[in-house]
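>>> Output the structure for:
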Amino acid sequence: MVDEGVVELEERVAALDTRLRGLESVARVVQDIRSRRVYSARLHRAPHDYYDWTLADRAKFLQCNVAQLCKSIIMENVAWKSDMPHVPRYYILLSTLRCHPPPSIYLAPWFRFVCVIVQYKAKINSDKVAKLIRDASTSVKISRKQVNFQHAPPDTSALLTGFEFNGVSPFGMSTALPVRLTRFCMCT
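Numbering: from 1, shown residues only. This next block holds a predicted model:
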């Protein structure tokens, strides 16, 4: 029979481990923001029940209006194949080695994952994301059947970003991903 004190201690250690992982994520975000010379950012540490709040309460906590609340979602091109003619060989090698490709690679249409930022009240239109990627190609025509963006599985998102579900930030991701911001986010 397990001692109640041991169980309580294990629970406290697990809670501290969760908080420590959260602090590591915050440190990564701060480091990335500083490296990009973004000096006007304001960070808020949300309580654990933040996502149970109404959007109005979240906006009040963040001192903004509801229209300014956004979410970052990792999308995966489920039709992506490494042997597609528009996927350069060095991109496949970098993907295999989990290396960060040069920034110019993100301007090209061959990426498999993308971070899309939309307003909380909005839904992501996968067809628009696919069109954006197809239209980014200047050298190779990409067919509709080569681009099919869906929400990435939560474990894949966590692996790529280093953030837990409901906590994805475009800053401080553990893997450099292209980020696309909807125009409605820019207008608020």
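
>>> longest helix of this protein?
Using DSSP state H, we find that the single longest helix of the chain is helix 4-35.

>>> Name the next helix or strand following that helix along the chain.
Where DSSP states H and E defines the elements, the next helix or strand beyond helix 4-35 is helix 55-62.

>>> circling back: show me which residues of the longest helix of the chain are buried.
22, 25, 28, 29, 32, 33 (16 or more other C-beta atoms under 10 Å). (Each C-beta comes from the backbone N, C-alpha and C, glycine too.)

>>> got it, and stretch 62-73?
66, 67, 69, 70, 72, 73.

>>> that's a strand at the second one, yeah?
No - residue assignment for residue 67, taken from DSSP: H, G, I helix; E, B strand; the rest coil, gives helix, which places it outside any strand.

>>> separation between it and residue 130?
26 Å (C-beta to C-beta, to the nearest Å).

>>> same thing with residue 13?
For residue 13, the distance to residue 130 equals 45 Å [C-beta to C-beta].

>>> Please apply the same query to residue 54.
Distance from residue 54 to residue 130, by C-beta to C-beta: 33 Å.

>>> more crowded one of these two?
Legend: neighbour count by other C-beta atoms under 10 Å for residue 54 and residue 130, higher for residue 130 (19 against 9).

>>> tell me which element that one falls in.
helix 126-136.

>>> Quick one: neighbours of residue 154, just the number.
Residue 154, neighbours per other C-beta under 10 Å, totals 12.

>>> Return the backbone torsion pair for it.
Main-chain dihedrals, residue 154, degrees, to the nearest 10: phi -50, psi -40.

>>> any idea how far residue 42 is from the residue nearest to it when sequence neighbours are not counted?
Leaving aside its chain neighbours, residue 154 sits nearest to residue 165 (5.1 Å; criterion: C-beta to C-beta, 6 or more residues apart in numbering). Using C-beta to C-beta, residue 165 is found at 23 Å from residue 42.
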